[in-house]
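J.: any chance you could fold what I've pasted below:
(one chain, ligands or ions: 2)
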Amino acid sequence: MKIVEIREKTFPISSPIRNAYIDFSKMTLSLVAVITDVIRDGKPVIGYGFNSNGRYGQGTLMRERFIPRLLEADPDTLNDDAGDNLDPHKIWSTLFSNEKPGGHGERSVAIGTIDMAVWDAVAKIEGKPLFQLLADRYGDGQPDRRVFVYAAGGYYYPGQDHTKLKDEMRSYIDRGYTVVKKKIGGASLDEDLRRIDSILSVLQDGQKLAVDANGRFDRDTAITYAKALSNYDLFWYEEPGDPLDFELQAALRNYYPNPMATGEDLFSMQDARNLIRYAGMRADRDWLQFDCALSYGLVEYLRTLDMLHEHGWSRTRCIPHGGHQMSLNIAAGLGLGGNESYPDLFQPFGGFPDSVQVENGYITMPDLPGIGFEGKADLYKVMQQLSA
Ligand SMILES: O=C([O-])CC(=O)C(=O)O
Ligand SMILES: [Mg+2]
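T.: Ligands and ions are numbered 1, 2, ... in the order given. Below you'll find the model as predicted:
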């Protein structure tokens, strides 16, 4: 068996929104199709993958380096020992060949996107949902199909007022979410606090708000916000300072006793390990948001989970960034704490299969082969254009 072709297309996922650091007016992503010569139901098995929002499409890197490396490799070196499926770990090693360590940037997105498509193909070849394959291979065979999800939104956009912000949050609650997220740091502290008060006025008991500064703050501002936010019972205070400023993050534990979250902009096991070693993160309350689609894929994420275990962290503290079905499968198959969701953004790429509803903050994974993209009609339509 072999990979016969890998296609990439860059799509706009632009929208007129901004967080404290970037706007999304020119945001793109790469969609990838890994086409194999394995036939299931009379058709070649094709695995699909895409990177999450926040980093841009990676077509150039893929075409220059990563796709040729896979297509030039002896196919037998990419297969499992029995020769009856692709081996994502061997494929990863081939992708990473002749790459020096450190400096994990855009290439981690390129590899993470191809890795997603490879896992989709591997689970389809085995005829299982990816979450079941992961539970079989790396767990006790018993996935937990119920996955906690929260609704990320609350971006800044032109013409936004408190009424619209409250309507947005209420609409997430009406769709079954119990935790909603808003951006901070894109307005003054006073205005951010007024927005937080507005949102809290529409939440009921058992419903919570998380806030996300997208790495905007210097140390003093992060501390000023920490003190002000301590007066609320927030679900978390996310990414206050630069993602690699572990000392800033560590300082905040002296000012913010409630849960914090970070990690979406750390792109390797080694960077995640530095966070765990040096950033004062608290295993009993803080949350880790490493996103495999941006950080070398699930092969690397498995290394990150091993690292967390060695450092005494439960994987239930992981709620990945990105709102894609890949992390939903990892959450269900490997027992993460949940996954992000963007109910109204980055469509058709984010979200759940069409049959899935959010109930009391949880979704239940349906039985679909692979990652399950074929169960989301608008997304699968776009994917089919790539593989036609
Ligand atoms: O606004 C973004 O870049 C996305 C983000 O931080 C998140 O979903 O946590
Ligand atoms: Mg974030």
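
J.: pairing partners for the biggest strand by length in the chain, with directions?
T.: Criterion DSSP state E: the longest strand present in the chain is strand 28-40. Note on strand 28-40: by DSSP bridges, its sheet partners are strand 3-12 (antiparallel), strand 43-50 (antiparallel).

J.: so for the shortest one, what gets flagged as buried?
T.: Yep, that's strand 43-50 we're talking about. Of all the residues in strand 43-50, those buried under the rule 16 or more other CB atoms under 10 Å are 45-50. To be clear about C-beta, it is placed using only N, CA and C from the backbone, and glycine gets the same treatment.

J.: ok, of those residues, which one's closest to residue 388?
T.: Nearest to residue 388 out of these is residue 46 (CB to CB; 10.6 Å).

J.: in the sheet, who's paired with that closest one?
T.: Beta-bridge partners for residue 46, by DSSP bridges, are residue 35.

J.: now it: how far from residue 126?
T.: 15 Å (CB to CB, to the nearest Å).

J.: spit out the contact partners of residue 85.
T.: Neighbouring residues of residue 85 by CB atoms under 8 Å, 6 or more residues apart in numbering: 1, 79, 122, 125-126.

J.: residue 53 touches residue 324, doesn't it?
T.: No: counting by CB atoms under 8 Å, residue 53 does not reach residue 324; the two are 9.4 Å apart.

J.: follow-up on the earlier one: now distance to residue 317 too, for the strands paired with strand 28-40, in CSV please.
T.: Putting the strands paired with strand 28-40 into CSV (distance: least, CB to CB, whole Å) gives the following:
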stretch, distance to residue 317
strand 3-12, 32
strand 43-50, 25
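
J.: TSV for these, including mean pLDDT and distance to ligand 1?
T.: Formatted as TSV, these follow (pLDDT from 0 to 100; distance: least, CB to the nearest ligand atom, whole Å):
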stretch	mean pLDDT	distance to ligand 1
strand 3-12	97	16
strand 43-50	98	15
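
J.: can you count the residues close to the nearest residue to residue 280 once chain neighbours are set aside?
T.: Once flanking residues are discounted, residue 280 sits nearest to residue 250: 3.3 Å by CB to CB, 6 or more residues apart in numbering. Around residue 250 there are 14 other residues, counting by other CB atoms under 10 Å.

J.: helices of the stretch 1-150 of the chain, start to end?
T.: Using DSSP state H, counting those that start in this stretch, the helices of the stretch 1-150 of the chain run over 59-61, 67-72, 88-95, 106-126, 130-138.

J.: do the same with the stretch 151-300 of the chain
T.: 162-174, 189-202, 219-229, 246-252, 269-278, 297-310.

J.: send me stretch 224-239 as PDB with only the CA atoms.
T.: Once non-C-alpha atoms are left out, stretch 224-239 reads as follows in PDB (Å, rounded to 0.1, in the frame of the first residue of the first chain):
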ATOM      1  CA  THR A 224      -3.200  44.500  36.800                       C
ATOM      2  CA  TYR A 225      -5.700  42.400  34.900                       C
ATOM      3  CA  ALA A 226      -5.000  39.400  37.200                       C
ATOM      4  CA  LYS A 227      -5.900  41.500  40.200                       C
ATOM      5  CA  ALA A 228      -9.100  42.800  38.600                       C
ATOM      6  CA  LEU A 229     -10.100  39.400  37.200                       C
ATOM      7  CA  SER A 230      -9.600  37.800  40.600                       C
ATOM      8  CA  ASN A 231     -12.800  39.400  41.700                       C
ATOM      9  CA  TYR A 232     -14.800  37.200  39.300                       C
ATOM     10  CA  ASP A 233     -15.300  33.400  39.300                       C
ATOM     11  CA  LEU A 234     -14.000  32.900  35.800                       C
ATOM     12  CA  PHE A 235     -13.600  29.500  34.100                       C
ATOM     13  CA  TRP A 236     -10.000  30.700  33.100                       C
ATOM     14  CA  TYR A 237      -7.700  33.600  32.400                       C
ATOM     15  CA  GLU A 238      -6.000  32.700  29.100                       C
ATOM     16  CA  GLU A 239      -2.600  33.500  27.600                       C
END
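
J.: thank you, goodbye.
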